[in-house]
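*Asks:* What follows is a predicted structure for the sequence shown.
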Amino acid sequence: MQISLLQCQSSRDVVANLEFIESQLECLPREANEPQLVVLPECSLLFGGHERQQLQYAGDERQSSLKSALGALAKRYDVYLVAGTIPMRADEGRVYSRCYLFDNSGEVLGQYDKLHLFDVDVADGTKEYRESDTFCPGEHISVVDTPLGKIGLAVCYDLRFPELFRAMRLAGAEFIALPSAFTKVTGEAHWQSLIQARAIETQCFLLAAAQWGQHNEGSRETWGQSMIVDPWGQIMAQRQTGTGWIQARPDMLQLQRIRRQMPVMEHNRFAAPSLTAR
């Protein structure tokens, strides 16, 4: 199969963001009849400005225009789609930052609500990020069994918490998709190091699709550098700046060989994380 990550420069304009994603899917480089896994960044349909703007687009499992639009794209372009994140209603006037995994007929195979919320002070133009004002944290890890392999789901700030990634590996993950929107400041400092570390620790393929550049007249700036990293920590593909695709074909025999020759999950003497998968 082929893995394709789309680097975006999303804005507050949902229609324009959706049109950009579709335009990229129309020209997606691919071989005929080859299975295709596509990963979109965090907030690919709505990004920038204050997080509370997410509330006006919040849906639920029965009715979400953003979810329906992404599922339709997966079906129309015959791809398995890790659909970034969209807001889904929770309690107390907040939303979940939810990632869906659609099959190539547009059906939901699995979902994940972002566990770790970005309540952080950063030396950039925004300065204070308080996702918990708008979002509720998830409660479960997610590893989805697909015809392409077992895919763990994580989102952006989750990358700093290795216990989550170990829990996904223990639940069977072979790939870990990471829709992200790292700030330029934190991305420049830590993005590549963290991705390679999580790939090495879990012996999984890391699929990190990122937002890049200035958003909404410069109100937000993200780092970019979408990356596909193999289970040995080697960079298979990356795009530092600009929008567009990066692609790679995973070697599953390599994954099996690395795990067999260095069985770190068996050697680990510390207690396993207790989060349940769903």
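*Replies:* Sure thing, it's come through. Residues are numbered from 1 along each chain as shown.
*Asks:* Are we agreed that residue 258 is in a helix?
*Replies:* Yes: according to DSSP: H, G, I helix; E, B strand; the rest coil, residue 258 belongs to a helix.
*Asks:* who's in contact with it?
*Replies:* 203, 231, 232 (Cβ atoms under 8 Å, 6 or more residues apart in numbering). Where you see a C-beta, it was placed from the backbone N, CA and C, and this is true even at glycine.
*Asks:* ok, now residue 222?
*Replies:* Applying Cβ under 8 Å, 6+ apart to residue 222 gives the contacts 181, 182, 183, 184, 187, 210, 211, 212, 213, 215.
*Asks:* So for stretch 222-234, what gets flagged as buried?
*Replies:* 222, 223, 224, 225, 226, 227, 228, 229, 230, 231 (16 or more other Cβ atoms under 10 Å).
*Asks:* With distance to residue 138, secondary structure and pLDDT as added columns, please give those in CSV.
*Replies:* As requested, the buried residues of stretch 222-234 are exported to CSV (distance: Cβ to Cβ, whole Å; DSSP: H, G, I helix; E, B strand; the rest coil; pLDDT from 0 to 100):
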residue, distance to residue 138, secondary structure, pLDDT
222, 22, strand, 97
223, 24, strand, 98
224, 26, coil, 98
225, 25, coil, 98
226, 23, strand, 98
227, 24, strand, 98
228, 25, strand, 99
229, 24, strand, 99
230, 27, coil, 98
231, 25, coil, 98
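*Asks:* ok, and the most crowded of the contacts of residue 222?
*Replies:* Within the contacts of residue 222, most neighbours by other Cβ atoms under 10 Å means residue 211, with 31 neighbours.
*Asks:* Assign a three-state SS to that residue, would you?
*Replies:* strand.
*Asks:* what sits up against stretch 58-74?
*Replies:* 14, 18, 21-22, 25, 38, 40, 45-46, 57, 79-81, 83-84, 86-89, 95, 100, 102-108.
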